[in-house]
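Colleague: Can you look at this prediction? I've put the sequence above it.
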Amino acid sequence: MASGDGAVSIELGHFALILAFAIATMGAIGGYAFWRSGARIAQVLSQAAILQFVLVAVAFLALVQAFVTSDFSLLLAVNHSHSLKPLIFKISGVWGNHEGSMVLWIFILVGFGAMVAAFGRRLPHDLLTLVLATQSLLTAAFAGFTILTSNPFARVFPAPLQGNDLNPVLQDIGLAIHPPLLYAGYVGFSVCFSFAIAALISGRIDQAWARWVRPWAMLSWTFLTLGIAMGSYWAYYELGWGGWWFWDPVENASFMPWLAGTALLHSALVMEKRNALKIWTIFLSIITFSLSLLGTFLVRSGILTSVHTFASDPTRGLVILSLLALVIGGAFFLFALRAAALRQGGLFAPVSREGALILNNLFLATAVGAVLVGTLYPLLLDALAGTSISVGAPFFNLTFGALMAPLLLVLPFGPLLAWKRADVVAAAQRLIGAAALAVFFTILISALGGVSISLAPLGLLLGFWVAFGAFAELVERAKLGRIPIQESWRRLAGLPRSIWSTAIAHFGIGITVLGIVSTSAWESELVTTLNPGETAELAGYSIAFDSFAQVPGPNYLADEGRFTITGPNGQTRQTMADRRTYVASGMPTTEAAIETYGFSQLYLQLGEPLENTHVVRVWHKPYITLIWLGTLLMALAGIISLTDRKVRVGAPRRARKAAPEPAE
Amino acid sequence: MIWLRALALTMALLLSGAALAVSPDEMLDDPVLEQRARDISAGLRCLVCQNQSIDDSDADLAKDLRLLVRERLVAGDSDAAVQQYLVDRYGEYVLLNPRVTDQTLLLWIAAPALLLAGLLVLVMVGRQRPTTVQPGLSAEEQAALDSLERHGSD
């Protein structure tokens, strides 16, 4: 347990982080001062980027080692770890707190910097230099912040024998996966940000720029999609009442960069193919990363919601806000100065692929604005007028829903429209099949399920329309039904991956919409009291309460109910639901029993004892898993797109030589 | 960032002593009235919790408010009257869906205003720029394309 007996001592980690800060600072200064100097400065910055990565890796590993070996001379480990915790939660405990999560954040930031250095050898030297200088500037800013205000390497003497343990709710596989994914998404957009800054400084921006930026946007977007989906599922199973999205400020903070990033992916496509929307794409690159920064830091500054923050230290909050103001304000100042100098290109008619993608951007950008206003309005009103109001789920559902409905309605048309000028009637003709299928299934399901809320059929119609419509382009290109089926298969297999990627991503959106609609409209709930031996019925399922026992766990006491669920087809399953009380903290948690039937789930929660019986809550959530399956499909589409020759990270030159490319 | 909310929730649980959401003993016998109570509850904020409705919340205060809503409904209040009753006692803060007042007008018109502004900008930009597309590339564009293909960037 003595300090320094591992491979990396805590002081070495601390020193490595400070050195990374110093190198990043020098890299930023040198890069901005000498960006015109060609290959040599680019090489220096590349090496500095890789060095920063190695150094921050050492710092991060020092923390991981201290947590894994339960080195309680490290204050952070004392506060957030415990020697009896399983290994995985010891590791995830490193980032289950403010200081450690800052180091993870910086680690991912320098990771992306090193990737740019490694894959960017074919970029023009001045562009590469400016991109890496901006990455270095970000590293310096946030490493400096961490070292000066949130030192994760503080020691404590004498070292206590045991740690205070991590919050029980956080002792979950969700904490091991969700924050790293989310951070990879947030931080990945820093590369787009840096490319935008580089373009503004050098004043040069062209289609090749968009081609370089798009894979980074795609990679970050994929991580962010997975991170948000994972967080949503974690909240769903852990928090015990089956909600999966709450429009909580913290959730909104992760959702806004996702929306902006989605818009960026689409606008960069226009720029790549048609050299248009340059200024807008630059703007989106800056705004997406700015929203990522807001997502990471506004909640820690103490102004968003006082209950949520890890870091309630007001001076630290002030430093964070100044840092955000500098980075974001600086970027927009540069944008205001230089954006007008960027030449516009690429003419097109309103009805065209470009027009459709602009419409996509209009709705997504408005959605970002609506969520931002809804999240910040109560704060501003409180600060300016002294009035407290709440802006909760009903407001966001209405506003966001109203903005998404028209977007979903026109979405299937997009990929079918030609660049420059398109024929809507021709596109509509190709979508007749999808429309017919959507109407058929909507009527069928509404008839079977009963219309419980009036908007449900509209939601279903949109979901099916987007899901089926996503395949229209594939059907069209494969000439399905018009030529022999083997020939169609051959054509499908030969299609560019970008076309598959578009179809799968759009299909995923349709699937998610269907999951949301069906679970909102046809969820059923049973709240009752049961004794062991009694049975309850819900939505064709029979739930028998078999037994109740108080069972000690490793670091908690559990009230454990065992249940037998008989499904509609007569098949039975044993399951159990817990109410746990953690011994060290006295904190209670609920461990719901979740049984999956097809795409639907039965969610069972053991409630508090009531007059010698037990409160049992059961929800039937029809097709709820579609919500997350759809997001997984979107992430899969991102991965497929990244494997496309044309957009492969680091192969821009080869890609540009590719044969005449089919429209995307 | 879900763990932050989880953290908040645990704190709320800790403070409240873990009673969980709607209990059978709170529920009204009349299913129509009970459903109205649930619908109203979903729109009311648990004042001591983080962004949760009283229908979802485990706090004691949420339970009190749930009982209060049911009491008013049994007494014959309309949905709007129940809401007004709670606003009179706890202020606008209790409503998760803010009502349109002169102070929330901006909030409610923000999204449509943004959309309209965006559309307006698009129309204006579209008018400034010619929207007719010449068939094929102009000589200048072709030259730019050629140089792009030859030299890579720029």
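Modeller: Noted; the coordinates are in hand. Numbers count the residues shown, from 1 in each chain, chains lettered A, B, ... in the order given.
Colleague: Run through chain B and note the low-pLDDT ranges.
Modeller: B:1-21, B:129-138, B:151-154 (pLDDT under 70).
Colleague: Name the residue closest to the centre of it, please.
Modeller: Nearest to the mean C-alpha position of chain B, by Cα atoms, centre = their mean, lies residue B:97 at 7.1 Å.
Colleague: Kindly report the same for chain A.
Modeller: Closest to where the C-alpha atoms of chain A average out (Cα atoms, centre = their mean) is residue A:224, at 2.5 Å.
Colleague: Which element, helix or strand, includes it?
Modeller: Applying DSSP states H and E as the criterion places residue A:224 in helix A:207-238.
Colleague: what's the residue of chain A found nearest chain B sitting at in phi/psi?
Modeller: With Cβ to the nearest Cβ, the shortest gap between chain A and chain B falls at residue A:392, namely 2.9 Å. Yep, even glycine has a C-beta here, placed from its N, CA and C like the rest. Backbone geometry at residue A:392, expressed as degrees, to the nearest 10, gives phi -120, psi -170.
Colleague: Please name the nearest non-neighbouring residue to it.
Modeller: Leaving aside its sequence neighbours, residue A:392 sits nearest to residue B:96 (Cβ to Cβ, 6 or more residues apart in numbering or on different chains; 2.9 Å).
Colleague: residues near residue 68, how many?
Modeller: With no chain named, the answer covers chain A. Residue A:68 has 17 neighbouring residues, counting by other Cβ atoms under 10 Å in any protein chain shown.
Colleague: my bad, chain B
Modeller: Neighbours of residue B:68 (other Cβ under 10 Å): 16.
Colleague: which ones are touching the closest residue in space to it that isn't next to it in sequence?
Modeller: Leaving out its chain neighbours, the residue that sits closest to residue B:68 by Cβ to Cβ, 6+ apart is residue B:86, at 7.3 Å. Neighbouring residues of residue B:86 by Cβ atoms under 8 Å, 6 or more residues apart in numbering or on different chains: B:44, B:65, B:68, B:69, B:94, B:95.
Colleague: Contact partners for residue A:602?
Modeller: A:538, A:541, A:543, A:565, A:594, A:595, A:618, A:619, A:620, A:621.
Colleague: And for residue A:79?
Modeller: By Cβ under 8 Å, 6+ apart, the contact set of residue A:79 is A:97, A:163, A:164.
Colleague: would you put the C-alpha positions of whichever strand or helix holds it in CSV?
Modeller: In this structure, residue A:79 is located in helix A:75-80 according to DSSP H and E. What follows is helix A:75-80, C-alpha atoms only, in CSV (Å, rounded to 0.1, in the frame of the first residue of the first chain):
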residue,chain,number,x,y,z
LEU,A,75,-6.7,11.7,-1.7
LEU,A,76,-8.8,11.0,-4.8
ALA,A,77,-8.7,7.2,-4.1
VAL,A,78,-9.6,7.8,-0.5
ASN,A,79,-12.7,9.8,-1.5
HIS,A,80,-13.9,7.6,-4.3
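Colleague: Report whether the next helix or strand after it contacts chain B.
Modeller: Going down the chain from helix A:75-80, the next helix or strand is helix A:87-92, by DSSP H and E. No: using Cβ under 8 Å from any Cβ of the partner chain, helix A:87-92 never reaches chain B; the gap is at least 9.7 Å.
Colleague: State the mean pLDDT of helix A:87-92.
Modeller: For helix A:87-92, the per-residue pLDDT values average out at 89.
Colleague: name the helices or strands packed onto that helix?
Modeller: With contacts defined as 3 or more Cβ pairs under 8 Å, 6 or more residues apart in numbering or on different chains; DSSP states H and E, helix A:87-92 has these neighbours: helix A:39-68, helix A:173-202.
Colleague: Can I get it in PDB, CA atoms only?
Modeller: Presented in PDB, the C-alpha positions along helix A:87-92 are these (Å, rounded to 0.1, in the frame of the first residue of the first chain):
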ATOM      1  CA  LEU A  87     -11.700  -4.300 -10.100                       C
ATOM      2  CA  ILE A  88     -13.900  -2.900 -12.900                       C
ATOM      3  CA  PHE A  89     -15.400  -0.400 -10.400                       C
ATOM      4  CA  LYS A  90     -12.000   0.500  -9.000                       C
ATOM      5  CA  ILE A  91     -11.000   1.500 -12.600                       C
ATOM      6  CA  SER A  92     -14.200   3.300 -13.400                       C
END
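Colleague: what's the offset of the helix or strand following that helix from the middle of its chain?
Modeller: Later in the chain than helix A:87-92, the nearest helix or strand by DSSP H and E is helix A:98-119. A distance of 17 Å separates the centroid of the chain from that of helix A:98-119, by Cα atoms, centre = their mean, to the nearest Å.
Colleague: other SSEs contacting helix A:98-119?
Modeller: Packed against helix A:98-119 by the contact rule (3+ Cβ pairs under 8 Å, 6+ apart) you find helix A:10-33, helix A:39-68, helix A:75-80, helix A:125-149, helix A:173-202.
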